[in-house]
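[1] Test case, fold it:
(one chain, ligands or ions: 2)
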Amino acid sequence: MTIPTGGPVVLLAPPFDYTSGLYGFVGVRAYRNQPPLGLGYLASALRDAGFPVRLLDAAAEGWDVGRTVNEVLALQPSVVGVSAITLEAPSACTLLRALRPRTKALLVLGGAHANSYWETVPTECPDADVVAVGEGEQTLVELCRAHARGSPVWDIAGSVARRPDGTWSELVERPPEPALDRLAPPAYDLFPHAKYVPLPHRRKRLPATAMITSRGCSYARCTYCEMSNLVRKHYRRHSPARVVREMKDLLALTGAREVYFQDDIFITDPAWVEEFCDRLRAERLDVLWSCESRFVGLSRDLFRRMHDAGCWRIYFGFESGSQESLDAIRKGFTLAQARQAARDARAAGLDVVGFFMLGLPGETPEMGRKTIEFARTLGLNHAIFSLTVPHRNTDLYEICREAGTILRDQDYFSRRASYVPHGYRDAAQLERLRDEAYRRFYLRPAYWWQCLRDLKSMDDVRYYLSGAASLFSFLGGRRGTGPPPYMGPRTRINRWSCLGL
Ligand code: B12
Ligand code: SF4
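    Ligands and ions are numbered 1, 2, ... in the order given. Next up, the predicted model:
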């Protein structure tokens, strides 16, 4: 095992990997558009335990692997902690492979990919010394302490590690922190905030930043989501008082004028939201915010209260316009409930964005068109149509294997279909339907008339202009594996910035 060197702990978000084909229309600058809060929490815990910490976000910086390796080595780290979701795992592994011969630092890999696939990570990423599983604050502190003492690191709960004989230790799970308020807020001061510019559909005002108020999902049943397998019993939330305090400090630090709440479901307990809104209003902060939520059982009054406390937008996962598909993926609501929620939120003054999935198992082009039609009738401000991507660690994966063809795993950004249900002729037919969905949703007079009626400020005008630029750049993009014709993405982003966006 490695020898401690006494340098800082370097926490690292890996580079965005163009060569893997995972780019699509969004581009590198748009890829990392919010701070990776998980690393921020780890940094806080390490600092509280007395470790010097550096946080590098290679994706936000636009660094490639070579540059990232040089930046890490220049800091002479004792421990390097890399965070990756599955999409980023190939890039994280390439990085660790490049680092391994050039440093004696302990190399730790964690994040959503390790949380779901820790059993296979040691094989696919053999240059990591340790794979952290689950919430990492305490695990990483203990790993760093053991490493600093020169003690073995292969018996630390919440991780698996390579032993000197090359075998990997068994996982002893670490229970997640039961009382979230005991955790220090993320070390916001370590993020390169100026680099995070959310996509136009994610914010109205800049600078905009992000926070999270809960962990886990309180519903956790949807068949396509890894949350349904991981964390159902572990749903926890910060107190409203803590969230408002954290928000105040974050705004003071960054000058942000808008916050996006990253929670899987922001509204789980209406009483919590009411208290949060009351406290926020009492602070009279100049801040807009937005959040994602389920909508079953929520009232127009609650939406109005949120609106009065600065919430401008809410994202709902409507997913499908076919009740049959909704039931199959266990969404737990009816089309009528979905329609009512959209109506109530709009009537309360909120922008409503709908997420929709095309190409679910059992779907035919006719059913897909029902989803498009449904989206068009909800009075939404924005709709996002995604092609179904089966995650290996979900119930949907097995269903997809039976009811269609899985073409590639966990490929979110290339615009190509990962999975084709039996009801579709081929991937191209499904991809065409997705493009048709965007055209039919956005390119209709009723939609533009609604947008005009919603214009209330210059922020709104800028917002719609940038949204239109995104839409046309998407519809103008080419299908396939090579970089789209308008890459690099920097040029595209720079063009928006000349509009002052
Ligand atoms: C907010 C969010 C987003 C935001 C911002 C993401 C970002 N860049 O920060 C947006 C909306 C942009 C987004 C987009 C996507 N997301 Co997302 N997102 C989330 C969400 C809801 C919260 C993330 C979060 O902040 N969690 C809270 C922090 C505290 O947890 P954490 O990051 O996991 O970190 C903890 C541990 O994992 C661990 N840890 C993490 N890293 C490390 C490293 C080391 C060394 C150690 C020791 C420990 C450790 O310790 C941390 C503290 O306890 C999660 C679901 C969830 N609840 O986690 C999905 C999730 C991460 N997203 C997911 C996906 C698939 C995506 C997209 C690919 C979706 C798409 N189709 O485009 C894109 C990817 C874009 C991107 N750039 O990341 C999946 C990832 C699944 C997987 N196996 O990869 C998740 C898990 C949702 C799900 N249920 O399936 N996402
Ligand atoms: S899709 Fe959303 S509501 Fe469903 S299990 Fe995942 S996080 Fe929870």
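
[2] From here on, just use CA atoms for contacts and neighbour counts.
    Will do.

[3] Assess the claim that Ala394 and Ala220 are in contact.
    One correction, residue 394 is Thr, not Ala. No. Shown here, Thr394 and Ala220 do not form a contact pair, counting by C-alpha atoms under 8 Å, at 11.3 Å.

[4] ok now the helix or strand harbouring Ala45, how far from the chain's centre?
    Secondary structure assigned from DSSP states H and E places Ala45 in helix 37-48. The chain centroid and the centroid of helix 37-48 are separated by 18 Å under C-alpha atoms, centre = their mean, to the nearest Å.

[5] got the angle for the helix or strand following that helix vs helix 37-48?
    Next along the chain after helix 37-48, taking DSSP H and E as the criterion, comes strand 53-57. Calculated by axes from the mean of the first three to the mean of the last three C-alpha atoms, to 10 degrees, strand 53-57 forms an angle of 170 degrees with helix 37-48.

[6] Please enumerate residues in contact with the very next helix or strand once past strand 53-57?
    Following strand 53-57 in sequence order, the next helix or strand is helix 58-61 (DSSP H and E). Defining contact as C-alpha atoms under 8 Å, 6 or more residues apart in numbering, one finds that helix 58-61 is touched by 12-16, 28-29, 31-33, 64, 68, 192, 195-196.

[7] From the contact counts, what lies against the next helix or strand after helix 58-61?
    Per DSSP H and E, the first helix or strand lying C-terminal to helix 58-61 is helix 65-74. The contact analysis (3 or more C-alpha pairs under 8 Å, 6 or more residues apart in numbering; DSSP states H and E) places helix 65-74 against helix 89-99.

[8] What are the buried residues along the helix it packs on?
    By neighbour count on 16 or more other C-alpha atoms under 10 Å, the buried set for helix 89-99 is Ala89, Pro90, Ser91, Ala92, Cys93, Thr94, Leu95, Leu96, Ala98, Leu99.

[9] just checking, Ala146 touches Pro152?
    Yes. Counting by C-alpha under 8 Å, Ala146 touches Pro152, with 6.5 Å between them.

[10] Kindly indicate whether the residue of the chain positioned farthest from its centre is helix, strand or coil.
    For the chain, the residue at maximal distance from the C-alpha centroid (C-alpha atoms, centre = their mean) is Asp165, at 37.3 Å. Here Asp165 is coil, with the state taken from DSSP: H, G, I helix; E, B strand; the rest coil.

[11] Just the CA trace of the helix or strand containing Leu452, in CSV.
    Element membership for Leu452, per DSSP H and E: helix 445-454. What follows is helix 445-454, C-alpha atoms only, in CSV (Å, rounded to 0.1, in the frame of the first residue of the first chain):
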residue,chain,number,x,y,z
PRO,A,445,-48.4,29.5,-32.3
ALA,A,446,-50.2,28.7,-29.1
TYR,A,447,-46.9,28.0,-27.3
TRP,A,448,-45.4,31.3,-28.5
TRP,A,449,-48.5,33.2,-27.6
GLN,A,450,-48.3,31.8,-24.1
CYS,A,451,-44.6,32.8,-23.9
LEU,A,452,-45.5,36.4,-25.0
ARG,A,453,-48.2,36.6,-22.3
ASP,A,454,-45.7,35.4,-19.7
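
[12] for the stretch 351-500 of the chain, which spans come out with low pLDDT?
    410-414, 470-471, 473-500 (pLDDT under 70).

[13] All the helices of it, residue numbers only.
    Using DSSP state H, counting those that start in this stretch, the helices of the stretch 351-500 of the chain run over 365-376, 395-402, 427-442, 445-454, 458-476, 489-497.
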